[in-house]
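Novice: Provided below for reference: sequence and predicted model.
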Amino acid sequence: MLSVKAVVLMLLLAMQYAAQPYLNRHCSATRAITTSIILATEATKFVVCAAVISAQHPLGWRFFKTVRIKDSLRLAGVPAIIYAFQNILILTGTKHLDGLSLNLINQTKTIFSAIFVYLLLGRPQSPMQCVALAIMFGASVLLTGQKEDAGAAVMVEDRDVWLFYGVLPVFAAAVTSGLAGALSQLGLQGKKRDSHLFSMELAVFSMATLLLNLVFVSNDLEKIQRLGFFHGWTPATAIPIFSSAVGGIVVGLVVKHAGVVAKGFAILLGIVLTAVLEVLVDGHHINTTKLIALPLVLISTYLHMSFPVKQKDKQEDKKDK
């Protein structure tokens, strides 16, 4: 039976998952310069994780003296680069999608994670997990169909913006999330790495990637020089930044105290809460497409986490190889 602490952590994760798109939209995060928001989020994540390690690790802050930069770069370098661009894609999609659509489409990262884990680590999916992935793929196809807008005809230009600046960036973020997660698993195989330290390493290399992108690729540098780093910020902008930074830590705590399956249930609850927030916060009705896609995503997520490959099947698969 789950402890009270585990249940509280699961509820916190569900609420954070559901609320993040709305916090971004209603606390000016989507009106600020994208790079400034993501840099601030990664810096906050670094500080919070450093504080947790200093407070909880037996060595305290001296633990950081044992960290080798070469190991950090080897383990977190490539995933951090991918995560940096994933964050840009997610924030771009947030500007053009409602919270429910964003979280439903983003959940397709389960599909891409399964694909990359199989390609990079050779870990197969159970027959039921394959069914779950097929259901989730069907839901994703539904969600990329024609945008519904209160039953009225939607202008082609509006649909194009919704598709190319909303749906496609979030799908791309789901792909990159699956790839980065698989690469992280590949690098951490057989190694005992403190989860908070790994989050700090990802944050550092993500910030480095964002700064290089800012100088050589993104047009955000011109905006920052002309308008200032904090253009579009309000005092409330700190809320989604802190929420996003702490969200990853809460995920780790849920897995530690309740397990991976419980984390999956927390995400399911988060998706349901996202639908509630769409009605209560944005005042939108849940259209037919979402009414069909929502249970499909919930069912597929439940099936995927409830029917993993059995240990016996894993051993037989290794023998076949």
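Specialist: Cool, the structure landed. Residues are numbered from 1 along each chain as shown.

Novice: contact partners of the helix or strand where residue 168 lies?
Specialist: Per DSSP states H and E, residue 168 falls inside helix 168-188. For helix 168-188, contacts defined as CB atoms under 8 Å, 6 or more residues apart in numbering pick out 74-76, 78-79, 82-83, 85-86, 89-90, 92-93, 97, 102, 105-117, 119-121, 140, 144, 198. All C-beta atoms are positioned from the backbone trio N, CA, C, and that covers glycine.

Novice: chain center to that helix: distance?
Specialist: Mean-position distance between helix 168-188 and its chain equals 9 Å (CA atoms, centre = their mean, to the nearest Å).

Novice: quick one: the helices in the stretch 51-200 of the chain, in order.
Specialist: Counting by DSSP state H, counting those that start in this stretch, the segments of the stretch 51-200 of the chain that form helices are 69-94, 99-106, 109-121, 127-143, 156-162, 168-188, 195-216.

Novice: distance to residue 27 and mean pLDDT for those - can I get that in JSON lines?
Specialist: Compiled in JSON lines, these are given as follows (distance: least, CB to CB, whole Å; pLDDT from 0 to 100):
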{"stretch": "helix 69-94", "distance to residue 27": "11", "mean pLDDT": "95"}
{"stretch": "helix 99-106", "distance to residue 27": "13", "mean pLDDT": "93"}
{"stretch": "helix 109-121", "distance to residue 27": "24", "mean pLDDT": "93"}
{"stretch": "helix 127-143", "distance to residue 27": "25", "mean pLDDT": "92"}
{"stretch": "helix 156-162", "distance to residue 27": "22", "mean pLDDT": "75"}
{"stretch": "helix 168-188", "distance to residue 27": "20", "mean pLDDT": "93"}
{"stretch": "helix 195-216", "distance to residue 27": "21", "mean pLDDT": "95"}
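
Novice: just those helices: most buried one?
Specialist: helix 99-106 (a mean of 25; mean count of other CB atoms under 10 Å).

Novice: what angle sits between that one and helix 168-188?
Specialist: On the basis of axes from the mean of the first three to the mean of the last three CA atoms, to 10 degrees, helix 99-106 is oriented at 50 degrees to helix 168-188.

Novice: tell me what helix 99-106 is packed against?
Specialist: Packing partners of helix 99-106 (3 or more CB pairs under 8 Å, 6 or more residues apart in numbering; DSSP states H and E): helix 4-26, helix 69-94, helix 127-143, helix 168-188, helix 260-280, helix 288-306.

Novice: for stretch 15-28, buried residues please.
Specialist: Using 16 or more other CB atoms under 10 Å as the burial criterion, the residues of stretch 15-28 that qualify are 15-25, 27-28.

Novice: want to throw the helices and strands packed on helix 99-106 into CSV with distance to residue 52?
Specialist: Below are the helices and strands packed on helix 99-106 laid out as CSV (distance: least, CB to CB, whole Å):
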stretch, distance to residue 52
helix 4-26, 14
helix 69-94, 17
helix 127-143, 33
helix 168-188, 19
helix 260-280, 19
helix 288-306, 27
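
Novice: can you say which of those is nearest to residue 219?
Specialist: helix 69-94 (12.3 Å; CB to CB).

Novice: and that closest one, how far from the chain's centre?
Specialist: Helix 69-94 sits 11 Å away from the centroid of its parent chain (CA atoms, centre = their mean).

Novice: what of stretch 200-213?
Specialist: Mean-position distance between stretch 200-213 and its chain equals 17 Å (CA atoms, centre = their mean).

Novice: CA atoms of it as PDB?
Specialist: Listed next in PDB are the C-alpha coordinates belonging to stretch 200-213 (Å, rounded to 0.1, in the frame of the first residue of the first chain):
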ATOM      1  CA  MET A 200      22.200  19.500 -12.700                       C
ATOM      2  CA  GLU A 201      24.500  18.200 -15.500                       C
ATOM      3  CA  LEU A 202      21.700  18.300 -18.000                       C
ATOM      4  CA  ALA A 203      20.800  21.900 -16.900                       C
ATOM      5  CA  VAL A 204      24.500  23.100 -17.300                       C
ATOM      6  CA  PHE A 205      24.900  21.600 -20.800                       C
ATOM      7  CA  SER A 206      21.400  22.700 -21.800                       C
ATOM      8  CA  MET A 207      22.200  26.300 -20.900                       C
ATOM      9  CA  ALA A 208      25.500  26.100 -22.800                       C
ATOM     10  CA  THR A 209      23.600  24.800 -25.900                       C
ATOM     11  CA  LEU A 210      21.000  27.600 -25.500                       C
ATOM     12  CA  LEU A 211      23.700  30.300 -25.300                       C
ATOM     13  CA  LEU A 212      25.400  28.900 -28.400                       C
ATOM     14  CA  ASN A 213      22.100  28.800 -30.200                       C
END
